[in-house]
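Engineer: can't give you the sequence, but here's the structure:
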């Protein structure tokens, strides 16, 4: 039977006598489809952490934020989320172009709940979801391989203060981050970057 554990995992499980509980957790909690409760949890959040690796296996972890529900559960085997204008480095998106394997960590800091989703990501030109996300550059779809909850005991409880003003919203002007108007950056921006508009609001 296929397992998510490899020799490195097994070595540590045997060292600390956790192989039995690890196998129990995998058999009871790890699955390859998103159930309705998990879909509700994912779509109730406004952020997640994305782990990627390049073609040599060198990792990168990034924070992804948007409006509540910006990660869409397309179906029980597929997630989708938008990529917005950023710093232009494309570290995460570039990685998944070379290595599609991704890990997604969803955390609700207010209610101490979290869930992992692992799968394979893809980007297709002309994704039909693109028109549903104002100012999105492209849509990332993730074919789900593993879904499982995590014990919440080490989650620090935090109170939500406010939405980021930079999250694109239909019918609202999205401000420009002030660093894009600084001397070191402004002459290196993409030609169509919103920061090049002299009338844009800067924060």
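Structural biologist: The structure has been received and is ready for your questions. What you see is a predicted model, and the numbers here were worked out from it, not measured in a lab.
Engineer: ok, now which ones touch the spatially most central residue of the chain?
Structural biologist: Nearest residue to the geometric centre of the chain (Cα atoms, centre = their mean): residue 50, 4.0 Å. Applying Cβ atoms under 8 Å, 6 or more residues apart in numbering to residue 50 gives the contacts 61-64, 92, 102-104. Where you see a C-beta, it was placed from the backbone N, CA and C, and this is true even at glycine.
Engineer: what bridges to it?
Structural biologist: Note on residue 50: beta-bridge partners by DSSP bridges are residue 62, residue 104.
Engineer: distance of it from residue 2?
Structural biologist: 24 Å (Cβ to Cβ, to the nearest Å).
Engineer: got the domain boundaries for this structure?
Structural biologist: According to automatic domain parsing, the chain comprises the domains 28-149, 173-203.
Engineer: could these go into JSON lines alongside mean pLDDT and distance to residue 157?
Structural biologist: Putting these into JSON lines (pLDDT from 0 to 100; distance: least, Cβ to Cβ, whole Å) gives the following:
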{"stretch": "domain 28-149", "mean pLDDT": "97", "distance to residue 157": "6"}
{"stretch": "domain 173-203", "mean pLDDT": "97", "distance to residue 157": "28"}
